[in-house]
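Colleague: Here is my input; please provide its structure:
(chains A and B)
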Protein chains: 2
Amino acid sequence: MPSGMQRAPMPLAADGGNPQALADSVVAGNRPALARLLTLIENQTQTGQQALAVLFSHSGQAHIVGITGAPGTGKSSLVNHLATILRHGKPAVGHLAVVAVDPSSPFSGGAILGDRIRMRELAGDPGVFIRSMASRGALGGLAEATSEVITALDAAGFQQILVETVGAGQAEVDIAHAAHTTIVVEAPGLGDDVQAIKAGILEIADILVLNKADLPGADNARRALQMALDLGRSTGAGVAGSTGKSPWPVRIIETCATNGEGVEQLAEEILAHQSYLRDSGELERRERARLQAQLDRLLQAALHRRFIEHQADGRLDEALEQVWRRKLSPRQAVEQLMAAV
Amino acid sequence: MPSGMQRAPMPLAADGGNPQALADSVVAGNRPALARLLTLIENQTQTGQQALAVLFSHSGQAHIVGITGAPGTGKSSLVNHLATILRHGKPAVGHLAVVAVDPSSPFSGGAILGDRIRMRELAGDPGVFIRSMASRGALGGLAEATSEVITALDAAGFQQILVETVGAGQAEVDIAHAAHTTIVVEAPGLGDDVQAIKAGILEIADILVLNKADLPGADNARRALQMALDLGRSTGAGVAGSTGKSPWPVRIIETCATNGEGVEQLAEEILAHQSYLRDSGELERRERARLQAQLDRLLQAALHRRFIEHQADGRLDEALEQVWRRKLSPRQAVEQLMAAV
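Modeller: Numbers count the residues shown, from 1 in each chain, chains lettered A, B, ... in the order given. I've put the predicted structure just below:
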């Protein structure tokens, strides 16, 4: 066991498992072992975390693709088609994983439903592994658990990991942004909020997909997206690669996920972006940013936990009481607590 | 750096303002002073924070209503109608504020656009105050800035504060959940993701709105929502008030925000929930939880900041380097950092 393992930031559940054996099975390609590990990660057990520490040195090979966008854009169907095409393209992706993250779901009921539908569509392909995640299962925070699940899949030898997030809020943006390639999916006719979504989310897109491109209103949506892209370009936003080198040209790919039209072109665009990242040095920059974010999140949690452990005299409760009585503002209360450390 | 990643809070900007005078003006009902204070809060200035500390003792009177739901549900129109009806109802709300939070927007362009449209609709009513917030403007984290803006509006005498969040992710759920009354807005025909959204978000709803109830598909949507509600009830989820007292019955209110149908009923339901909260003791429980969340967030940020200030010897950079080279997992790196404190 690595030194310092006893100082885990989260109280890990002891489960008497054998982390080294589990990690070995996962690296050897044992899928039931992988599924078990992912559950242990979500439940924050000791065995899971120790296996993950072993596996981390095997990670860093996978290409992580984040797919985000508002509900109703047809992301799930699109991801299913994309997975099939990537598996059978040239070069074919030998092992591909799909992680479907639903930050708005405190229970995993919805995710399980989605799973079943997907299993039917991609069933029988041993090269595809699908995992759904909801906040309820992730004790240490969904972003953290997602990072750890990605590390495990990476170490297990999956070359492409598609991380699909439902919704278009900050949590999804964070998770998608932690990817190497970020795809933002839009669709025509999503109503009066679509303007606001576009404005914010375009900034993180490496590839923009207009799905349901066969629906009425697609022409308007395409024009609006193109205008937003041009606007972003002129202000310097919406362009990946702030390295000073020639920037990646964000393009709009039109797809129709119900019949698969345009999805092949999307797969090609993903591979093109992958090459761009490697050649431009942007891949290293993004990978470092991803690890830094992971480190910062864990550090904050560890510091908070240590503070709480040393506040057994009830000073935290007392502070809350003062705030509740409007004697201190939350910020004043924290200043007092920090001064006493 | 990912847009929403927790960073160490920035040191407060000194701006030479007079916090006591500013706070006095805000309490006296001076609107330009209030607008200025909110900007100072978003920019994390010293004057803003000091004024807020003064104002905190004046807060705790407002009823906070969170309104969340997926894009395309027509939340903004609904909130506009609701504001108008609450202002002219019996009893009429004398001073009402709308805070529109867009966590997916790193820049405030979209928010500003929304503002303009709203200003036109609610223009000329001095009893209504509208403020849009995007992540770009909130240096210390959007949830924190939103809490502080609510405190300022509360101290300024607004009896009802409607907090509308765009999107349906964790950030929105957090912000909406910090409200006293949480309204979840659904609409017919949002596509294949709607099932997942419903599953998760229903759990936090005190009032469920089916907007666009005149559209085709409304019958199906209503049945699906009712089934989800019944399912939630039978498993104990979706029911507010875990105090053991008679629970609040979550109902589905059908509205049509374009012509205002049903919005009056929604306003009545909000006032009924307010009475329920007061009578059941649930209001105090929720208010404590809200303050506790605020305290925890500030404490985490303060601890992180202090740690970074004392790590000038570059140990954090060294840890990142080790993680980057796959010598240590992020968790192992944090354990080493914590052991050295």
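Colleague: so A:Val209 makes contact with A:Ile183?
Modeller: Yes: under the criterion of C-beta atoms under 8 Å, A:Val209 lies in contact with A:Ile183, with a separation of 5.9 Å. C-beta: built from backbone N, CA, C; applies to glycine.
Colleague: Tell me the buried residues in the longest helix anywhere in chain A?
Modeller: Ranked by residue count, the top helix of chain A under DSSP state H comes out as helix A:282-309. Judged by neighbour count using 16 or more other C-beta atoms under 10 Å in any protein chain shown, the buried positions of helix A:282-309 are A:282-283, A:286, A:290-305, A:307.
Colleague: re the thing from before, any shared contact partners between A:Val209 and A:Ile183?
Modeller: Contact with both A:Val209 and A:Ile183 is made by residues A:Leu266, according to C-beta atoms under 8 Å, 6 or more residues apart in numbering or on different chains.
Colleague: Who has more neighbours out of those two?
Modeller: With neighbours defined as other C-beta atoms under 10 Å in any protein chain shown, A:Val209 and A:Ile183 compare such that A:Val209 has more, 31 against 28.
Colleague: In terms of helices and strands, where is the more buried one?
Modeller: Assigned by DSSP states H and E, A:Val209 belongs to strand A:207-210.
Colleague: which residues touch the closest residue to A:Met338 other than its chain neighbours?
Modeller: Setting aside the residues directly before and after it, A:Met338 is nearest to B:Ala302 in space (C-beta to C-beta, 6 or more residues apart in numbering or on different chains), at 5.2 Å. Contact partners of B:Ala302, counting by C-beta under 8 Å, 6+ apart, are A:334-335, A:337-338, B:9.
Colleague: I'd like to know which elements the following helix or strand past the longest helix of chain A is packed against.
Modeller: Sequence order places helix A:315-324 as the next helix or strand after helix A:282-309, per DSSP H and E. Applying 3 or more C-beta pairs under 8 Å, 6 or more residues apart in numbering or on different chains; DSSP states H and E, one finds that helix A:315-324 makes contact with helix A:330-339, helix B:282-309.
Colleague: can you pull the buried residues of helix A:315-324?
Modeller: A:316, A:319-320, A:322-324.
Colleague: Can you pick out the most distant pair from these?
Modeller: Among the buried residues of helix A:315-324, the pair separated by the greatest distance (C-beta to C-beta) is A:Leu316 and A:Trp324, at 12.6 Å.
Colleague: Please enumerate the helices of the stretch 1-150 of chain A.
Modeller: Under the criterion DSSP state H, counting those that start in this stretch, the stretch 1-150 of chain A contains helices at A:19-27, A:31-42, A:46-56, A:75-88, A:109-122, A:142-155.
Colleague: now those helices in TSV, with distance to chain B, mean pLDDT and mean neighbour count?
Modeller: Conversion of the helices of the stretch 1-150 of chain A to TSV gives the following (distance: least, C-beta to the nearest C-beta, whole Å; pLDDT from 0 to 100; neighbours: other C-beta atoms under 10 Å in any protein chain shown):
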stretch	distance to chain B	mean pLDDT	mean neighbour count
helix A:19-27	11	96	19
helix A:31-42	11	92	19
helix A:46-56	4	93	23
helix A:75-88	6	90	22
helix A:109-122	3	51	16
helix A:142-155	6	89	24
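Colleague: Throw those into TSV and include distance to B:His63, thanks.
Modeller: Formatted as TSV, the entries for the helices of the stretch 1-150 of chain A read as follows, by distance: least, C-beta to C-beta, whole Å:
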stretch	distance to B:His63
helix A:19-27	51
helix A:31-42	37
helix A:46-56	43
helix A:75-88	37
helix A:109-122	31
helix A:142-155	30
